[in-house]
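J.: quick one, structure for this:
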Amino acid sequence: MRLSLGSAVVLGLSDEKIDVLPTTCYILVGDRCPNNCSFCTQAKDSTADADMLSRVTWPEFDDKLVYHKLIDAYTSGRIWRACIQATGNSFEQCLEIIENINIPICISINADEKQISQLIEAGAETVTLALDAATEKVFSRIKTGNFNDILTILKNSAKKYPGKIGTHLIVGLGEIKQEMIETIKWMYEHGINVGLFAFTPVKGTKMQDQKQPDIKTYRKIQAEHFKIRFKTDKIQPEAFETTGCPGCNRPYYNERPGGIIYNYPRKLTNEEYKECLEHIH
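T.: Next up is the predicted model:
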């Protein structure tokens, strides 16, 4: 299986220097994905390196070695959970991983209602089905599949498994700000947790030449997301941190070191918080 480079460092499988370590161990399984998302390095038509997902490098390691190191890292408190990023035909492998590591696991996968049930019944703490696009129009332009079918799967699964279903939404795919905010509202109305991402162009994908979203727009959506999620009008620093499952910080998934930080993988400084507030006003 593959691990994000930061995860490999936390598990003691790499001695690379990382300035912010992940608090979740990120695992990548599966082959090139038939969904063929225009922004994704793992899409079947992508020419990006096979060991890339977004901007992150994912070196490969022996499964049993990872299991051993993963349990040790969780027991010692270096990580909070494992997160499986599943592409292609990897459903059975996800079940195998759940059986081999008795720690909190979340799984991001393209699955139907039956498969989501199987994963949760097998022991997955949460399952994420990525919608990515805020509108059907954007979805049909950049993804395969059916936008409304995914909404139905998410809604039905969240009703059956309260608190255990999530989705990913990517800002900057072609939607307008209010469309993204309305989709976020719909998700929380139906008990679906949202992990918010900023579109990140990566060489080898169909969208490699598209720009990342304007930081002011992204900050405003982060602020609205926070208010919707926590039913508050007071914006806390946490609004601008990485969102998703508890303990998920995804360092540099959307960012380049030294560049604009869209999702802070750590607590903000007072100066950073002040700058974020300036962006939303």
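J.: show me where pLDDT drops low in the stretch 151-281 of the chain?
T.: Along the stretch 151-281 of the chain, segments meeting pLDDT under 70 span 257.
J.: try it again at 80.
T.: Per-residue confidence of the stretch 151-281 of the chain (counting by pLDDT under 80) places the weak regions at 252, 255-258.
J.: just the helices in it please.
T.: In the stretch 151-281 of the chain, the segments counted as helices under DSSP state H, counting those that start in this stretch are 177-189, 215-230, 270-280.
J.: for residue 104, which of those helices is the nearest?
T.: The minimum distance between residue 104 and these falls on helix 215-230, with 20.1 Å, by CB to CB. C-beta here means a position set from N, CA and C on the backbone, and glycine is covered the same way.
J.: one step back: need the helices of the stretch 151-281 of the chain in a markdown table with mean neighbour count and distance to residue 202, can you?
T.: Compiled in a markdown table, the helices of the stretch 151-281 of the chain are given as follows (neighbours: other CB atoms under 10 Å; distance: least, CB to CB, whole Å):
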| stretch | mean neighbour count | distance to residue 202 |
| --- | --- | --- |
| helix 177-189 | 17 | 21 |
| helix 215-230 | 19 | 18 |
| helix 270-280 | 14 | 25 |
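J.: my guess is residue 136 contacts residue 147, does it?
T.: Yes: checked against CB atoms under 8 Å, the pair residue 136 and residue 147 is within contact range at 4.1 Å.
J.: between the two, who's got more neighbours?
T.: residue 147 (18 against 12; other CB atoms under 10 Å).
J.: quick revisit: any chance of the helices of the stretch 151-281 of the chain in TSV with distance to residue 248 as columns?
T.: Formatted as TSV, the entries for the helices of the stretch 151-281 of the chain read as follows, by distance: least, CB to CB, whole Å:
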stretch	distance to residue 248
helix 177-189	17
helix 215-230	14
helix 270-280	19
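J.: minimum distance to residue 13: which of those helices has it?
T.: For the helices of the stretch 151-281 of the chain, the distance to residue 13 is smallest for helix 270-280, at 31.1 Å, taking CB to CB.
J.: and the closest one, what other elements does it pack with?
T.: When contacts are defined as 3 or more CB pairs under 8 Å, 6 or more residues apart in numbering; DSSP states H and E, helix 270-280 sits against helix 215-230.
J.: so what's the gap between the helix it packs on and the chain middle?
T.: In terms of CA atoms, centre = their mean, to the nearest Å, the centre of helix 215-230 is set 17 Å apart from its chain centre.
J.: which strand residues bridge residue 43?
T.: Partner residues in beta bridges with residue 43, using DSSP bridges, are residue 33.
J.: what's the separation between it and residue 36?
T.: Distance check for residue 43 against residue 36: by CB to CB, to the nearest Å, it reads 5 Å.
J.: neighbour count winner among the two?
T.: In this comparison of residue 43 against residue 36, neighbours counted by other CB under 10 Å, the higher total goes to residue 43 at 23 against 17.
J.: pLDDT wise, what is the more buried one at?
T.: Residue 43 carries a pLDDT score of 70 in this model.
J.: wait, residue 89 sits on residue 31?
T.: Yes: using CB under 8 Å, residue 89 is in contact with residue 31, at 6.7 Å.
J.: what comes up buried for stretch 59-79?
T.: Of the residues in stretch 59-79, those buried by neighbour count under the rule 16 or more other CB atoms under 10 Å are 61, 66, 69, 70, 73, 74, 78, 79.
J.: what is the neighbour count of the residue lying closest to residue 211 once chain neighbours are set aside?
T.: The spatial neighbour of residue 211 that comes closest, neighbours along the chain excluded (CB to CB, 6 or more residues apart in numbering), is residue 201 at 7.1 Å. When counting by other CB under 10 Å, one arrives at 14 neighbours for residue 201.
J.: of the helices of the stretch 151-281 of the chain, which approaches residue 20 most closely?
T.: Distances from residue 20 to each of the helices of the stretch 151-281 of the chain were compared by CB to CB, and the smallest falls on helix 270-280, at 13.3 Å.
J.: run the chain-centre distance for the closest one.
T.: 24 Å.
J.: for stretch 202-219, same thing?
T.: Centroid displacement of stretch 202-219 relative to its chain, using CA atoms, centre = their mean, is 16 Å.
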